[in-house]
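Participant: Here you go, sequence then predicted model.
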Amino acid sequence: MSMDDVTRFTTAIEQNPEDIPSYLGRAGAYLSLGYYQQAVEDYDRVIGLAAKLKAGALMSAGDLQGALDVFNQALAANPNDALSYLSRGIALSTMGNNQQAVEDFNAALSLNPGDPASYHNRGIAFSALGDYAQAVADYDAALALNPNDPMVYYNKGIAHKQAGDYQQFIEAFKYAAQLGFEQAQKFLIDAGIPY
């Protein structure tokens with residue numbers, strides 16, 4: 001293996017940051033060239049990605065505790081993996097552990113402050129905790145990073161409704177409907193509200 005192999009695998013990883021075979025290939029290239037720390041980092045990334053895939057399968061199967069255990073293992077192997085914090089936060093929130101979920105979303109955002117999914121999911125957790133102002137602030141942060149996400153507008157509308165702000169609720173639902181979110185469209189149509 002040569003540095004050309006490292007470059008080739010790095011290019012593939014840049015195109016798809018979750019490409020496990022490319023991480024394995026680059027780790028092997030690093031190892032053969034004597035760059036042991038870089039090889040270890042790539043192997044850690046593979047472990048984290050494989051754990052996320054396994055945890056996703058467990059979540060899909062309804063085994064939230066099993067998914068949580070896998071995320072815990074992934075974070076033990078790589079405590080600087082923002083995606084594992086985000087994913088574990090989603091599992092925790094789904095289980096109703098919203099305060100712990102907020103802590104994981106905070107950790108994810110400290111590692112990757114430009115991630116709209118972390119803001120969106122933290123907003124969901126804050127809504128579940130009854131902190132609608134913070135939820136709306138997080139939805140706004142997510143929309144600043146990704147302004148065309150109808151699900152964020154929909155959840156923002158729900159938070160406004162729960163806070164008793166009907167006008168903002170309808171405005172958010174109109175945006176969600178305009179972006180094609182069917183539940184918002186149905187609600188507005190049923191309510192006779194044009195969007």
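Facilitator: Looks like it came in fine.
Participant: For Pro147, the count of nearby residues, please.
Facilitator: Neighbourhood size, Pro147 [other Cβ atoms under 10 Å]: 12. No exception for glycine: its C-beta is placed from N, CA and C like everyone else's.
Participant: whoops, I mixed them up, Tyr139
Facilitator: 30.
Participant: Correct me if wrong: it contacts Ala117.
Facilitator: No - counting by Cβ atoms under 8 Å, no contact exists between Tyr139 and Ala117, whose distance comes to 12.0 Å.
Participant: residues contacting the most centrally placed residue in the chain?
Facilitator: Centroid-nearest residue in the chain, with Cα atoms, centre = their mean: Ala117, separated by 4.2 Å. Going by Cβ atoms under 8 Å, 6 or more residues apart in numbering, Ala117 touches Leu86, Ala142.
Participant: Met1 too?
Facilitator: By Cβ under 8 Å, 6+ apart, the residues touching Met1 are Gly28, Ala29, Ser32, Leu33.
Participant: Can you list which of the residues you listed are found in helices?
Facilitator: Those of the contacts of Met1 mapping onto helices are Gly28, Ala29, Ser32, Leu33, per DSSP state H.
Participant: So which of the residues you listed wins on neighbours?
Facilitator: The most crowded member of the ones in helices among the contacts of Met1, judged by other Cβ under 10 Å, is Ala29 (23 neighbours).
Participant: where's that one relative to Gln15, distance?
Facilitator: 17 Å (Cβ to Cβ, to the nearest Å).
Participant: just Ala117 next, same as before
Facilitator: When Ala117 is compared with Gln15 (using Cβ to Cβ), they lie 20 Å apart.
Participant: The residue nearest to the centre of the chain and Ala108: what is the separation?
Facilitator: Taking Cβ to Cβ, one finds Ala117 at 8 Å from Ala108.
Participant: which residues are common contacts for the two?
Facilitator: Listed contacts common to Ala117 and Ala108 are Leu86; contacts here mean Cβ under 8 Å, 6+ apart.
Participant: Flag every buried residue along the longest helix seen in the chain.
Facilitator: Using DSSP H, we find that the single longest helix of the chain is helix 36-60. For helix 36-60, burial by neighbour count (16 or more other Cβ atoms under 10 Å) applies to 38-39, 41-49, 51-52, 54-55, 58-59.
Participant: could you point out which element follows it?
Facilitator: From helix 36-60 onward toward the C-terminus, using DSSP states H and E, the following helix or strand is helix 64-77.
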